[in-house]
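Student: Need coordinates for the following:
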Amino acid sequence: LYRNRVSGDFRINHGGADRLTIKENGSVGILAIDPSAYDMDTNDLVVGSGSGDNGITIASGEDSFSRINFADGTATDGERRDGWILYDHDEQTMNIGTGGSNTPNMSLAASGRLWIYDGQLSVGLAENADYLDGANTMVVGSGSASHGLTIVSGSDGAGKIFFADGTSTPAEKQAGWIQY
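Tutor: Okay, here's the model as predicted:
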């Protein structure tokens, strides 16, 4: 461990090379000699030398969780985890949550199955807001080629499919529809 007299940085050297740098402003570089050289919004912790393969591993038990939280405060649980990514090692699912809730907005299983909870999903180049309210929870397609989906609704509800030719007029947004 030494202090660089020119930059004022603290550095740990091993094997003749600097391995850890702590800048005077508190930013930390692991293998990165100057973490302040990176994007100022994300240079509090920089991992990697800038060449070759680099990475970070979060190691947890096989029936445990690995988690990254995005905080905007410390007063409440919601502020401490305003957004988060959680890997459930037991279920082998990656969960993503926002808005300070413990409930995921999206989950991805090892099988490749993707769940979107209480939100909107666009597949292809479609933009949900361009289509009819009540029929824009999921928009599939890019305006070319063939596309399809399966709808499951309750016995007292209705399954609806709207067909759109565009988004400029109501007639384009609802060129045809099927309700079951």
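Student: Show me the shaky parts of this protein.
Tutor: Where the chain drops to pLDDT under 70, the residues are 119-128, 136, 141-144, 149.
Student: those strands in it, which residues are they?
Tutor: Along the chain, counting by DSSP state E, strands occupy 2-3, 10-14, 17-22, 28-30, 45-47, 65-70, 83-88, 93-98, 106-109, 114-116, 121-123, 138-140, 160-163, 176-179.
Student: helices or strands next to the second one in the packing?
Tutor: It stands for strand 10-14. Taking 3 or more Cβ pairs under 8 Å, 6 or more residues apart in numbering; DSSP states H and E as contact, the helices and strands that strand 10-14 lies on are strand 2-3, strand 17-22. Bear in mind the C-beta positions are built from the backbone N, C-alpha and C, glycine included.
Student: now the residue nearest in space to the middle of the chain: how far from Val140?
Tutor: The residue lying closest to the centre of the chain (Cα atoms, centre = their mean) is Ile96, at 6.2 Å. Distance from Ile96 to Val140, counting by Cβ to Cβ, to the nearest Å: 21 Å.
Student: same check, this time on Tyr131
Tutor: Distance, Tyr131 to Val140, by Cβ to Cβ: 11 Å.
Student: more neighbours, those two?
Tutor: Tyr131 (21 against 12; other Cβ atoms under 10 Å).
Student: contacting residues for that one?
Tutor: By Cβ atoms under 8 Å, 6 or more residues apart in numbering, the contact list for Tyr131 reads Val139, Phe162, Ala164, Thr167, Lys173.
Student: hmm, try it at 7 Å
Tutor: Val139, Ala164, Thr167, Lys173 (Cβ atoms under 7 Å, 6 or more residues apart in numbering).
Student: Sort out for me which of the residues you listed are in helices.
Tutor: Among the contacts of Tyr131, the ones falling in helices (DSSP state H) are Lys173.
Student: For the contacts of Tyr131, give me CSV that also has distance to Leu1 and neighbour count.
Tutor: Shown next, in CSV, are the contacts of Tyr131 (distance: Cβ to Cβ, whole Å; neighbours: other Cβ atoms under 10 Å):
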residue, distance to Leu1, neighbour count
Val139, 56, 22
Ala164, 64, 21
Thr167, 61, 14
Lys173, 65, 18
